[in-house]
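Visitor: One predicted model, sequence on top.
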Amino acid sequence: VKTNAQTLNDAMRTLRDSVANEQTVKSSQNYTDANQDLQQAYDAQVNNANNIINETGTPTMNPNTITQATTQVTTAEGALNGAQNLVNAQNNAKANLNTLSHLTNEQKESITNQINSATHVNDVTTIQNDATQLNNAMNELAQSIQDQESTKQQVNYTNADQANQEAYNNAVAEAERILDKEHGANTSHADVQTAIQNVQSTKQALNGDRNVEIAKTNAKNALEQLTSLNNAQKAALTTQIDNAPTVANVEQVSNTATHLNQAMAELQQGINDNNDVLQSVDYTDADPTNQQAYTNAVTQANAILSKDQGTNADITQVQAALNQVTTAKNALNGEEKVAQAKEAAKQALATYNHLNTAQTNVATEQITNATTLAQVAQAQNTAHELNTAMGELQNSINDQTTVKNSVNFSDADQTKQDAYTNAVTEAQSILDNAHGGNLNKEQVEAVTNKVSTAKDNLNGDAKVREAKADALNNLGTLNQLNDAQKAHLTNEINSA
């Protein structure tokens, strides 16, 4: 009995020892990470041993049964595979890590170290899940910049504010730095998410499209201030502004509008003096073809300048229209023709050799002061008619010596002789080249008439004829004369 009791006691001591570390075992990684069925098996064997130890009813007296219980506890504890499960989890996690193609080398190295340092399967799982999330975030980051080339070619980027462009460029550069497999740092999931947000927010902040719309609005407002354009031009320029894809294109249209407006203003200025031109000698005395060319040029200019009816003429057409107006205006040759007419009139005047110096000077002055062809022609015609009158005046006294030596003068009444002599003297004073006065045609013709009248009034011949008639009548009363004497005396009377 004593021996049995000792054996039973030894068996119970061994059994108690087998479960003494129950809490230590259950708190160990080898238990917590063990398979559930092995945990349950261990728990069952420990409970069985504790039941034997804590029996209050019929006790277990067979040492072999107690030893078997001890063996079962030990076996169940030894079967716990938490440590192996951790190794397996670590190996699986590292194998999975190799499939995460978006991570950088440093990220993988860091995660590998975390896996190796993990003390529980749950930790490995968490690390693996975090790695997957980080890989997904890295992929999302890569996707966020995949369209950077197309983005940078879009108007929304190319016309964005420089600061916004630089912000996007910096965000993309930071993303590329993070994504660099070889040189990328061990960027955390939070920092990757921040990088994604930066790419997205800076991309959304690109304001090129808005800048284009603002430029279009400003260009249209400026267009309304260009008052020299006609409606068709404004409509066409508005369409060009609406269709402009970039700020530069909008500015180009705006510059085109400004230059066109200036050209239209210059075209308007080119015809502003049209009324003055039409009333000027340069137009009124110009060749008809030149007048028509100018009129046509002004008509074409007005057609372009018409607000409601004007066509959509471009700057080349407007400048061509202005050039036509300028050329046609410059080609008006009225003043040139007047100058040529003056020169011709003066040359003709030099041939009017009956005019005295005073008359020539006045005629020259009249020609010089003439402003139109009609006035030049009038001045020349006046001089020509005066020259003719002066010639006729000269002709009227060319026979004065003959007249004065004639019986018609010498036997004329003294008053009639004086009248003729005075008329001739007056004519001579007018005809005096150096001292003759500036008499006009009518005045010269009056003197010519005076000379002719005075000449016609000389009555010497009439008085002789009257004396002859009286003598012949008296001869007829002399009845003592014979016929021969009467014939002789009659001959003498008729020959007197």
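Guide: Thanks, I have it. Numbering: from 1, shown residues only.
Visitor: Residues touching stretch 460-473, excluding its own?
Guide: Ser406, Val407, Asn408, Phe409, Ser410, Asp411, Ala412, Asp413, Thr490, Ile493, Asn494, Ala496 (CB atoms under 8 Å, 6 or more residues apart in numbering). C-beta: built from backbone N, CA, C; applies to glycine.
Visitor: Select from those the one having the most neighbours.
Guide: Ala412 (24 neighbours; other CB atoms under 10 Å).
Visitor: Quick check: phi and psi at that residue.
Guide: Backbone dihedrals for Ala412, given as degrees, to the nearest 10, come out at phi -80, psi 160.
Visitor: correct me, but it touches Asn459?
Guide: Yes - in terms of CB atoms under 8 Å, Ala412 counts as a neighbour of Asn459; the distance is 5.0 Å.
Visitor: Generate a markdown table for the contacts of stretch 460-473, with distance to Asn479 and pLDDT as supplementary columns.
Guide: As requested, these are exported to a markdown table (distance: CB to CB, whole Å; pLDDT from 0 to 100):
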| residue | distance to Asn479 | pLDDT |
| --- | --- | --- |
| Ser406 | 36 | 95 |
| Val407 | 31 | 94 |
| Asn408 | 34 | 95 |
| Phe409 | 37 | 96 |
| Ser410 | 34 | 95 |
| Asp411 | 30 | 94 |
| Ala412 | 34 | 96 |
| Asp413 | 34 | 96 |
| Thr490 | 15 | 87 |
| Ile493 | 17 | 81 |
| Asn494 | 20 | 86 |
| Ala496 | 22 | 75 |
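Visitor: Among those, name the ones in strands.
Guide: The strands, defined by DSSP state E, take in nothing from the contacts of stretch 460-473.
Visitor: tell me which of the residues you listed is nearest to Thr360?
Guide: Phe409 (33.2 Å; CB to CB).
Visitor: Run through the residues that contact that closest one.
Guide: Contacts for Phe409 (CB under 8 Å, 6+ apart) come out as Val403, Gln417, Tyr420, Leu458, Gly460.
Visitor: just checking, what packs against the helix or strand of the chain with the lowest mean pLDDT?
Guide: The least trusted helix or strand in the chain, going by mean pLDDT, DSSP states H and E, turns out to be helix 483-495, with a mean of 87. Helix 483-495 is packed against helix 460-477, with contacts defined by 3 or more CB pairs under 8 Å, 6 or more residues apart in numbering; DSSP states H and E.
Visitor: and the helix it packs on, how far from the chain's centre?
Guide: Relative to its chain's centre, helix 460-477 lies at 110 Å (CA atoms, centre = their mean, to the nearest Å).
Visitor: next one: stretch 440-456
Guide: 78 Å.
Visitor: got the buried residues for it?
Guide: Within stretch 440-456, the residues that qualify as buried are Lys441, Val444, Glu445, Val447, Thr448, Lys450, Val451, Ala454, Lys455, counting by 16 or more other CB atoms under 10 Å.
Visitor: Identify the residues contacting Leu86.
Guide: Contact analysis of Leu86 by CB under 8 Å, 6+ apart lists Gln29, Asp33, Ala118, Thr119, His120, Val121, Val124.
Visitor: go with 10 Å
Guide: Applying CB atoms under 10 Å, 6 or more residues apart in numbering to Leu86 gives the contacts Gln29, Asn30, Thr32, Asp33, Ala34, Ala118, Thr119, His120, Val121, Asn122, Asp123, Val124.
Visitor: Restrict those residues to the buried ones and give me that as a PyMOL selection.
Guide: A single PyMOL command is used to select the members of these judged buried by 16+ other CB under 10 Å:
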select buried, resi 29+30+32+33+34+118+121+123+124
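Visitor: residue ranges of the helices in the stretch 1-150 of the chain, please?
Guide: Assigned helices in the stretch 1-150 of the chain, in chain order: 2-20, 22-27, 29-32, 36-53, 63-79, 82-97, 105-117, 121-144, 148-153 (criterion: DSSP state H, counting those that start in this stretch).
Visitor: tell me which residues of the fourth one are tucked away?
Guide: Going back to what we said before, that points to helix 36-53. Leu38, Gln39, Ala41, Tyr42, Gln45, Val46, Asn48, Ala49, Asn50, Ile52.
Visitor: Would you check how far apart the fifth one and Ser188 are?
Guide: As defined by CB to CB, to the nearest Å, Gln45 lies at a distance of 46 Å from Ser188.
Visitor: What ranges does the stretch 201-350 of the chain have for its strands?
Guide: Using DSSP state E, counting those that start in this stretch, no strands are found in the stretch 201-350 of the chain.
Visitor: show me the contacts for the closest residue to Ser280 other than its chain neighbours.
Guide: Counting by CB to CB, 6 or more residues apart in numbering, Gly334 is the residue found nearest to Ser280 once chain neighbours are left out, at 7.0 Å. Gly334 is in contact with 277, 280-287, 290-291, 371-373, counting by CB under 10 Å, 6+ apart.
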